[in-house]
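Trainee: turn this into a model:
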Amino acid sequence: MSGGTARDPLEAGIVRALDLVRRLPLRWAASDEGRSVDTVLEAGCFEGAEESARVLSTVAALEIVEGGGFGGTWPLLQASGRVLAPGMPAAVGAASSRAVDGEYRRDGEGIWREAVGVDEAFLTIGEPRAAPPGAEFELLCFGETERYTVRAGVLEIEDLFGLLAVPATADLLDRVLVRGRRLKPEALSSVRAAEHAKPQVVEVRRPLALSAKARWRDAEAFLAARADIASTRSRGGRVEIIGADKAASMFALEEHEEGWRLTLQKGRYPLTAIHLEQRSTTLHVRAALADWIDGLAPGVRGRLFFDLRSDLVTLG
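Mentor: Okay, here's the model as predicted:
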């Protein structure tokens, strides 16, 4: 009984720390300005990873240790064999941990995150031996089942299965993050909004080892695998398709060493461009949406992820 009682304050602290990670958006900042915990909580936003780590260590009595991530040094927190971190909505120990934006696990080198369809390095523990994984961002926060990241005028929405990238215009950020996620408008004060709307892009990934006999190199086979396409025919750098609705469309095909790109030339199809590329041991498929498709509409993002992943599985 005494052992369980002794762990209760630590467990309660970890629960509170994870709640703050999930609720408070994280803005990019080069240094910790030393704001008090109460000031941070009242502001409703972390100003950088260093501030976030300090606040989390205070509320949960956790030790701050050196780590790497998001393209540079990144503070980690540890206690009782588990690791927490700014921007990571999970406490990772010996077993993998499912979180709102994917699944996390730990090995001797650091933390791995399974999301967008593959398992990739997320954070390193201790002094990194190579360039830390990830890249800088301007704003990072979480929803019920997804991660939101704003960088370079793009809002990326990720979950376990895929990624949707949309132009981070001021109106869209207000709709999705302020009104949708109830972030305080001040959290967006340092975000560079996109000036012009661009096509929304959906991306899924799959381990290369799961795609047999390099069939992924056949763009026509990829199209033929889609449920909304009844037939395909290749003709001199073009792929003509007949949809399940009997409508005809045509894609221009460009092939390169790492994969291929299809660009819609004629007809009406939900995807105006499809790019498949091999990167190391992973296949990446990115598809631009037609302007009449709203990836942010209820249920659409999940359906897009499911369809593209099904195409890759069928092709493999």
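Trainee: can you tell me which helix or strand of this protein has the lowest average pLDDT?
Mentor: The helix or strand of the chain with the poorest confidence is helix 2-23; it has a mean of 80 (mean pLDDT, DSSP states H and E).
Trainee: low-confidence regions, this structure specifically.
Mentor: 1-7 (pLDDT under 70).
Trainee: report the buried residues of the least confident helix or strand of the chain.
Mentor: By neighbour count on 16 or more other C-beta atoms under 10 Å, the buried set for helix 2-23 is 13-14, 17-18, 20-22. C-beta here means a position set from N, CA and C on the backbone, and glycine is covered the same way.
Trainee: check which helices and strands that helix sits against.
Mentor: When contacts are defined as 3 or more C-beta pairs under 8 Å, 6 or more residues apart in numbering; DSSP states H and E, helix 2-23 packs onto helix 49-60, strand 76-79, strand 82-85, strand 88-92.
Trainee: burial of residue 25, as a residue count?
Mentor: Using other C-beta atoms under 10 Å, residue 25 has 19 neighbouring residues.
Trainee: and it, how far is that from residue 48?
Mentor: 12 Å (C-beta to C-beta, to the nearest Å).
Trainee: export the helices and strands packed on helix 2-23 as a markdown table, with columns for mean neighbour count and distance to residue 208.
Mentor: As requested, the helices and strands packed on helix 2-23 are exported to a markdown table (neighbours: other C-beta atoms under 10 Å; distance: least, C-beta to C-beta, whole Å):
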| stretch | mean neighbour count | distance to residue 208 |
| --- | --- | --- |
| helix 49-60 | 21 | 32 |
| strand 76-79 | 22 | 30 |
| strand 82-85 | 23 | 29 |
| strand 88-92 | 24 | 26 |
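Trainee: out of the ones you listed, which comes closest to residue 107?
Mentor: strand 88-92 (10.2 Å; C-beta to C-beta).
Trainee: mind listing what the closest one pairs with, with the direction of each?
Mentor: Sheet pairing here is set by DSSP bridges, and for strand 88-92 it gives strand 82-85 (antiparallel).
Trainee: for residue 308, give me phi and psi.
Mentor: With angles defined as degrees, to the nearest 10, residue 308 sits at phi -70, psi -40.
Trainee: cool, residue 244 as well?
Mentor: Dihedral angles for residue 244 - degrees, to the nearest 10 - are phi -60, psi -20.
Trainee: list the contacts of it.
Mentor: 227-230 (C-beta atoms under 8 Å, 6 or more residues apart in numbering).
Trainee: among those residues, which are in strands?
Mentor: Those of these mapping onto strands are 229-230, per DSSP state E.
Trainee: of the contacts of residue 244, select the buried ones using a PyMOL command.
Mentor: Command for PyMOL that selects the buried part of these, burial taken from 16+ other C-beta under 10 Å:
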select buried, resi 229
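Trainee: let me have the contacts of residue 244 in CSV, extended by distance to residue 35.
Mentor: Compiled in CSV, the contacts of residue 244 are given as follows (distance: C-beta to C-beta, whole Å):
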residue, distance to residue 35
227, 52
228, 52
229, 55
230, 60
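Trainee: buried residues in stretch 115-133?
Mentor: 115-119, 121-125, 128, 132-133.
Trainee: ok so, going back, distance to residue 195 added to the helices and strands packed on helix 2-23, as JSON lines?
Mentor: Output for those, formatted as JSON lines (distance: least, C-beta to C-beta, whole Å):
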{"stretch": "helix 49-60", "distance to residue 195": "28"}
{"stretch": "strand 76-79", "distance to residue 195": "37"}
{"stretch": "strand 82-85", "distance to residue 195": "33"}
{"stretch": "strand 88-92", "distance to residue 195": "31"}
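Trainee: need the buried residues of stretch 115-133 in JSON lines (columns: distance to residue 95 and secondary structure).
Mentor: Below are those laid out as JSON lines (distance: C-beta to C-beta, whole Å; DSSP: H, G, I helix; E, B strand; the rest coil):
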{"residue": "115", "distance to residue 95": "18", "secondary structure": "strand"}
{"residue": "116", "distance to residue 95": "22", "secondary structure": "coil"}
{"residue": "117", "distance to residue 95": "22", "secondary structure": "coil"}
{"residue": "118", "distance to residue 95": "20", "secondary structure": "strand"}
{"residue": "119", "distance to residue 95": "15", "secondary structure": "strand"}
{"residue": "121", "distance to residue 95": "19", "secondary structure": "strand"}
{"residue": "122", "distance to residue 95": "16", "secondary structure": "strand"}
{"residue": "123", "distance to residue 95": "17", "secondary structure": "strand"}
{"residue": "124", "distance to residue 95": "20", "secondary structure": "strand"}
{"residue": "125", "distance to residue 95": "17", "secondary structure": "strand"}
{"residue": "128", "distance to residue 95": "24", "secondary structure": "coil"}
{"residue": "132", "distance to residue 95": "24", "secondary structure": "coil"}
{"residue": "133", "distance to residue 95": "22", "secondary structure": "coil"}
